[in-house]
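Colleague: Next come a sequence and a model predicted from it.
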Amino acid sequence: MKRVVFNQKGGVGKSTISTNLAAESARRGFKTLLVDLDAQGNATHYAGVDIKDDTLTVADMFKQIVGWFSKPQPPTAFVQPTAFENLYVLPADPALATIERELESRYKMFKLRETLDALSKEFDRIYIDTPPNFNFYSKAALIAADAFLVPFDCDHFSAQAIERLLENVMEIKEDHNQELAFAGVIINQYNPQAKLPSALIGELEEKGLPLFATRLSSSVKVKESHSARAPLPFYMPSHKITKQLVALYDEIEGV
């Protein structure tokens, strides 16, 4: 199963959610791959993977596609292990930003799907973290995935943007990946005492959008786990926010 976490708005928790869902999958015993397509590399860093001069990354995988690699490597060569059992990363690299234009001009959006289809033989679950815009890498991820998840941070601007987001995704689905499923909206940064989140969630429900029942609260422990470079299922398995992520994972697996 290949799932992409996507929202073209930044700051909604894509990297945190994708990394922690992948970590929970790994903790359950599934061999899991986290694919980081954001040039900032937040998911790569969070999972504890350091990029050195000789580290092969997802950028190198794309360079190989356009013939910039003298010796072709199999997809598994670009996968890096983490310190956590069953969790692996196809890491990001700042070079993603510099090669995007050529990849798009040469219409290489389907190559990620070929790579992940090959890696599906090695991994039980694949989670894809995307950049905060509707660019080449986001489109390639949506073409490659079986399902997409939309983080929503209970912000008025997020509510305004979600219809446009779904229009973009549905266009990709219709043209390039008709099997792509909308798994649901993940409510993040939820404060049950505040009126705005409840009002915004009500608006999403009125639109008929599928919402996961589990709400993810704000917690300083999330930032602590970022700093420790240890996803919450491994870092604080008994904490409230981790239990919420576990419940969310169970919902996603049931979709």
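Modeller: Alright, I've got the coordinates. Numbering: from 1, shown residues only.

Colleague: mind checking the end-to-end distance for stretch 34-41?
Modeller: With Cα to Cα, to the nearest Å as the measure, the ends of stretch 34-41 fall 12 Å from one another.

Colleague: Give me the average confidence score over that stretch.
Modeller: Regarding stretch 34-41, the rounded mean pLDDT is 97.

Colleague: So which residues make contact with that stretch?
Modeller: Residues from elsewhere that reach stretch 34-41 (Cβ atoms under 8 Å, 6 or more residues apart in numbering): 14-15, 18-19, 22, 42-44, 47, 51, 58, 87-97, 116, 126-132, 137-138, 140-141. C-beta here means a position set from N, CA and C on the backbone, and glycine is covered the same way.

Colleague: Of the residues you listed, grab the buried ones for PyMOL.
Modeller: The buried residues among those can be selected in PyMOL (16 or more other Cβ atoms under 10 Å) with this line:
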select buried, resi 14+15+18+19+22+42+43+44+47+51+58+87+88+89+90+91+92+93+96+116+126+127+128+129+130+131+132+137+138+140+141
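
Colleague: In strands, which of the contacts of stretch 34-41 fall?
Modeller: 87, 88, 89, 90, 126, 127, 128, 129 (DSSP state E).

Colleague: Show me the strands in this structure, by range?
Modeller: Counting by DSSP E, residue ranges of the strands within the chain are 2-5, 32-36, 80-81, 87-90, 125-129, 147-152, 181-190, 211-217.

Colleague: partners of the second one in the sheet?
Modeller: Strands adjacent to strand 32-36 in the sheet, as given by DSSP bridges, are strand 87-90 (parallel), strand 125-129 (parallel).

Colleague: Run a quick neighbour tally on residue 112.
Modeller: Counted with other Cβ atoms under 10 Å, the neighbours of residue 112 add up to 27.

Colleague: now do the one 3 residues further on
Modeller: With neighbours defined by other Cβ under 10 Å, the count for residue 115 comes to 22.

Colleague: Please apply the same query to residue 237.
Modeller: The tally of other residues near residue 237 (other Cβ under 10 Å) stands at 12.

Colleague: Nearest residue to it in space, ignoring adjacent ones along the chain?
Modeller: If the residues on either side of it in the chain are set aside, residue 237 comes closest to residue 27, at 7.8 Å by Cβ to Cβ, 6 or more residues apart in numbering.

Colleague: Ok, residue 201 next?
Modeller: residue 187 (6.3 Å).

Colleague: can you tell me how far the one you found sits from residue 93?
Modeller: 32 Å (Cβ to Cβ, to the nearest Å).

Colleague: Between the strands of the chain, which one is closest to residue 237.
Modeller: Among the strands of the chain, strand 87-90 comes nearest to residue 237, with 14.2 Å by Cβ to Cβ.

Colleague: for the longest helix anywhere in the chain, packing partners?
Modeller: Ranked by residue count and defined by DSSP state H, the top helix of the chain is helix 156-176. With contacts defined as 3 or more Cβ pairs under 8 Å, 6 or more residues apart in numbering; DSSP states H and E, the secondary structure elements packing on helix 156-176 are helix 136-144, strand 147-152, strand 181-190, helix 195-206.

Colleague: what residue ranges in this structure score low on pLDDT?
Modeller: Counting by pLDDT under 70, the chain has low-confidence residues at 68-70, 255.

Colleague: what do you get if the cut-off is 80, keeping everything else the same?
Modeller: Within the chain, the stretches with pLDDT under 80 are 66-71, 155-160, 255.
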